[in-house]
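>>> What shape does this take:
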Amino acid sequence: MSGRFHALMSCLFLSSLGIGMVFPLTSIYVSDVLGLGPAGAGRYFIAMAVASCTAAISGGPRADRRGAAVGAVGCGSLVTGYAVLGAAHGTVAVAAAGAFAGIGFGLQYAAITEVVNGLVPESLNRRAFTVRHVMTNVGMGLGGALGGLLLLTGERDSGTLRLLYEGSAAASVPLAVAFWALRRRGRTSGERRGRRADPVSYRGLLSDRRLVFLLLSQAVLAGAGFTQLESSVPWLLNHWMSIGLPGVSALIACNAFALLVLQRPVGALCERLPESVALVAAPALWCLAFGFGAVAALCETPYRQVALAGFAVAFALGEVCYSSAFFPLLVRFAGESALGRAGALASLGWSAGTATGPPLGLALIGGHGAVAGWLLLVAGSVLACLPPALVHFSSTAE
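A predicted model of the protein is given here:
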């Protein structure tokens, strides 16, 4: 892989680390430190979600033509959003910060698939997308663990948190510069490989049932898997298993470390499998992971720690399978001339899953105890196997 690809991934990791560090603190910061209450925090996240969806859809066609330039604009908006939030004092500024951050996330998501696909040979795109996922999630995971440790120390005063948000904004500046430097490539990834870039509309993309099933998989996997790691799992650990914030942060860090270590050997193994098979394997492995959680709820120390380590590793294995499969399938189904639009649709699928997954998960596990809660997450992962299975059968049938 080229030096430009590794430079972009390094900057992506730094940006994700900064975002992850403040992400678990945002609701507390807006509600308590800025004194805007839960309603103020809700307005921030609503503004972010609406802006992200709007930016992704409007930016998709532009990303088809100039992915790196769109990514640079998105990162610049992200920097602005976190810088404004760090300096905010009232409702309007907080809502504006959410809008800027949402625009940044939407444009970056729409652009990065085309950019990554164009930086590596076609034979290495599965490995490249695995690395991209690992850099994002490891950065977010380690950043989240650092944010949790900050809460543990009680450093919640206004000055400290404001500086933290400014630092998060600064962490995304190198990624904006990296995207801007890549804009000089000029042509899209398909054109660079000598393929004709026929424009494809959103309606044209959605006429392919394989892509529809893939986007449905994105939403379901985000809702039943990724967001449960950030919402239901910490709640189960803390409320039903009496594991404090240091333990929760340690588990998140363990998952991030396992993801970093396993991405190369497991990613190489996944490359030997059809992409659709690897996609089905992701929720299947999450069934195993949540099963380890149920075992941990039944055990005492030290067996509980062993079972939770098994959870972190099994979940990381599922993440590697997902990352080696989803985006290569997106490239194959959408075609290289429509990766911006396809990335925008994938962003909407991800947003749908992240918006619905946590409230549904927490509502289901809230009153059932630790073991039942983990088993409900297993059941959710079993159901999440259905859309990837549809992707597999529809892609093999054609």
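>>> For residue 128, see how far away residue 368 is.
Applying CB to CB, to the nearest Å, the value for residue 368 to residue 128 is 41 Å. Where you see a C-beta, it was placed from the backbone N, CA and C, and this is true even at glycine.
>>> State the mean pLDDT of stretch 115-125.
Across stretch 115-125, pLDDT averages out at 85.
>>> What residues sit buried inside it?
In terms of neighbour count (16 or more other CB atoms under 10 Å), stretch 115-125 has its buried residues at 115, 116, 117, 118, 119, 120, 125.
>>> cool, and stretch 202-219?
205, 208, 210, 211, 212, 213, 214, 215, 216, 217, 218, 219.
>>> neighbouring contacts of that stretch?
57, 60, 279, 326, 329-330, 333-334, 338, 341-342, 345-346, 348-350, 352-353, 387-388, 390-391, 394-395, 398 (CB atoms under 8 Å, 6 or more residues apart in numbering).
>>> And these, which of them are buried?
57, 60, 279, 326, 329-330, 333-334, 338, 341-342, 345-346, 348-350, 352-353, 387-388, 390-391, 394-395.
>>> Turn the buried residues of stretch 115-125 into a markdown table, including secondary structure.
Shown next, in a markdown table, are the buried residues of stretch 115-125 (DSSP: H, G, I helix; E, B strand; the rest coil):
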| residue | secondary structure |
| --- | --- |
| 115 | helix |
| 116 | helix |
| 117 | helix |
| 118 | helix |
| 119 | helix |
| 120 | coil |
| 125 | helix |
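>>> closest to residue 46 among these?
residue 115 (28.9 Å; CB to CB).
>>> Spatially nearest residue to that closest one (excluding sequence neighbours)?
Nearest residue to residue 115, sequence neighbours excluded (CB to CB, 6 or more residues apart in numbering): residue 67, at 4.6 Å.
>>> what separates that neighbour from residue 16, distance-wise?
Residue 67 is 19 Å from residue 16, by CB to CB.
>>> okay, those two: which has more neighbours?
Taking neighbours as other CB atoms under 10 Å, residue 67 and residue 16 compare with residue 67 leading, 29 against 23.
>>> Just list the residues touching that one, thanks.
Applying CB under 8 Å, 6+ apart, the residues contacting residue 67 are 111, 112, 113, 114, 115, 118, 188, 189, 339, 340.
>>> Could you do residue 222 as well?
349, 350, 352, 353, 354, 357.
>>> That one: what's its closest spatial neighbour, skipping adjacent residues?
Using CB to CB, 6+ apart, the closest residue to residue 222 is residue 353 (2.7 Å).
>>> helix, strand or coil for residue 323?
helix.
>>> Torsion angles phi and psi at the residue nearest to it when sequence neighbours are not counted?
In space, residue 323 comes closest to residue 133 once its chain neighbours are excluded; the distance is 3.2 Å by CB to CB, 6+ apart. Residue 133 adopts backbone torsions of phi -70, psi -40, taken as degrees, to the nearest 10.
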